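Visitor: dropping the sequence and predicted coords here.
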Amino acid sequence: MTKELKLAFYGDDFTGSTDALEVLAFGGLSCALFLSVPTKAQMEALGGFDAIGVAGASRAMTPEEMGEELPDVLSRLAALDPKIVHYKVCSTFDSAPTVGSIGRVIELSRSAFPQPVVPIVASTPALGRYCLFGHLFARSGTDNKVYRIDRHPIMSVHPVTPMQESDVAMHLCKQAKLDIGNVHLTLLDNESPAEIAKHIADMEPDKQAVVFDGLTHEHLTATGDCLRHMASELDAPLFAVGSSGVEYALTQSWEREAASTSADCYNSFDAVDQVLVVSGSASKLSAMQIEAALDAGFREVAIDVEALIIGSDSAVAEAETRLVSEVISALASGESVVMHTARGPSDQRVSRLIHELQSKGVSLEQARHLSGRMVSERLGSVVDAIVRRHRLRRLVLSGGDTSSRITQALGPDALVIRARLSPGAPLCAVLSAESHLSGLELALKGGQMGAPDYFVRALRGSATAV
């Protein structure tokens, strides 16, 4: 029988997409992640789903690129007729007017979703993300302290989209001409979904979107109740923007009506003989994770990003060949490998590349954007070559843009959740008819996600693995 599609989401990068998929799977829903919008027939051929996701790369797009790609994607998601369509963003909301603009997405959504107001879910307590009276706070993995996002030790100095504003509405209004309201904590604590919906309706026509606060599990459940109520009043799917807080909110709301499948089956995963880690993140936490991997015996391969990007075609091809050969040689000897573009924010490799691009007449802002994209695309080619020549059981990709571009280069048919690895950064299984991808397990994580031993745990398995 055809299943009712409760939710369809588009992730603005691959790490965020697996984060959302993890929440749905652990909530007992049948779900899968695709690289493009599937048809109803494709979904039914795979057995049907309660929810599906599409892993995208809009977090690294300019507003112009978004305008070319996203309207068709959003229209095709709406055509699947789910109850809710979610545009999934990073839980830290890092974005800018010139790249990854969330405000631009809200503008573009109006053609496919002609609803009066777009709900924005900004809190994800399970990941240490909180929204209080419209201001975003986030826990840092480096010291486990909670910071206002514009004072966060990692996100305030992000190399491409540094967060310099904690007021979510003000942050997004810098990206597009929007008037955004707030459903604050006291409303979630004291009013019913219908009363909150009435409160939102009273904001119209002045508001095009509204930010939902959230501090606790209960606040997210109340938010899920509100989203479902808002969807019930529309003849078309409800369009929502936010972190995986949307998935937490909905699964928690659904769980109150029906018993969900136990997620215990996701708790255990085996150790493997070796892991390949590819890190394109310059965050302090990523540096700690690389250090822990080296202490555990991983072979280090420091990537010369300038050699992969700057120079003649033959010189770049030669640098790529050398890198592939070095990694394959280490893997063939039985070692685990961590290859990286930076070991923390003070690493000068990427900054030298940016300076080199500037010397060719590119502005600083353009150089920051282009450098990340160019390196990620080149690494996609490198990792694809490695995986085709050396049979891997488990691959870990670190960094939002890095994960997106490499996964696109690998080209799996879909991903499904395999096991818990770290909140927001699960271990996935690749679905593919390609022999070199068959049986591959893939973990995708953002630079600010995971404990310091994340890479080591990916090798050694869970504490309860048998």
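Guide: Great, that's in hand.

Visitor: touching, T223 and G214? I think so.
Guide: Yes. Counting by C-beta atoms under 8 Å, G214 is a contact partner of T223 at 6.2 Å. Where you see a C-beta, it was placed from the backbone N, CA and C, and this is true even at glycine.

Visitor: which residues do those two both contact?
Guide: Taking C-beta atoms under 8 Å, 6 or more residues apart in numbering as the contact rule, T223 and G214 both touch V121, L188, G245.

Visitor: these in helices, which ones?
Guide: L188, G245 (DSSP state H).

Visitor: for the shared contacts of T223 and G214, pick the one with the most neighbours.
Guide: Counting neighbours by other C-beta atoms under 10 Å, the top entry in the shared contacts of T223 and G214 is V121, with 31 neighbours.

Visitor: was I right about it contacting G242?
Guide: Yes. Contact criterion C-beta under 8 Å: V121 and G242 qualify, at 3.2 Å.

Visitor: between those two, which contacts overlap?
Guide: Contacts common to V121 and G242, judged by C-beta under 8 Å, 6+ apart, are F212.

Visitor: returning to that earlier point: reformat the shared contacts of T223 and G214 as a markdown table; add pLDDT.
Guide: Output for these, formatted as a markdown table (pLDDT from 0 to 100):
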| residue | pLDDT |
| --- | --- |
| V121 | 98 |
| L188 | 95 |
| G245 | 96 |
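
Visitor: what's the longest helix in this structure?
Guide: Under DSSP H, the chain gives helix 364-389 as its longest helix.

Visitor: centre of the chain to the next helix or strand after that helix, how far?
Guide: Per DSSP states H and E, the first helix or strand lying C-terminal to helix 364-389 is strand 394-398. Distance of strand 394-398 from the chain centroid (C-alpha atoms, centre = their mean, to the nearest Å) equals 14 Å.

Visitor: again, but for stretch 104-124
Guide: From the chain centre to the centre of stretch 104-124 is a distance of 18 Å (C-alpha atoms, centre = their mean).

Visitor: first-to-last residue distance for it?
Guide: End-to-end distance for stretch 104-124: 23 Å, by C-alpha to C-alpha, to the nearest Å.

Visitor: can you list the buried residues in it?
Guide: By 16 or more other C-beta atoms under 10 Å, the buried positions in stretch 104-124 come out as 104-109, 112-113, 115, 117-124.

Visitor: what's the answer for stretch 319-327, then?
Guide: For stretch 319-327, by 16+ other C-beta under 10 Å, it's A319, E320, L323, V324, V327.

Visitor: what is the nearest of these to E335?
Guide: When those are ranked by distance to E335 (C-beta to C-beta), V327 comes first, at 9.9 Å.

Visitor: for the closest one, give its distance to T251.
Guide: 39 Å (C-beta to C-beta, to the nearest Å).

Visitor: swap in G280?
Guide: For G280, the distance to T251 - C-beta to C-beta - is 31 Å.

Visitor: comparing those two, which shows the higher neighbour count?
Guide: Just comparing G280 and T251: by other C-beta under 10 Å the higher neighbour count belongs to G280, 27 against 23.

Visitor: in strands only, show me the buried residues of stretch 319-327.
Guide: Using DSSP state E, no member of the buried residues of stretch 319-327 sits in strands.

Visitor: now render the residues you listed as TSV, adding distance to R418.
Guide: As requested, the buried residues of stretch 319-327 are exported to TSV (distance: C-beta to C-beta, whole Å):
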residue	distance to R418
A319	34
E320	30
L323	28
V324	26
V327	23
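
Visitor: save those residues as a markdown table, and put in pLDDT and distance to Y147 too.
Guide: Converted to a markdown table, the buried residues of stretch 319-327 look like this (pLDDT from 0 to 100; distance: C-beta to C-beta, whole Å):
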| residue | pLDDT | distance to Y147 |
| --- | --- | --- |
| A319 | 93 | 38 |
| E320 | 94 | 39 |
| L323 | 96 | 36 |
| V324 | 96 | 39 |
| V327 | 97 | 36 |
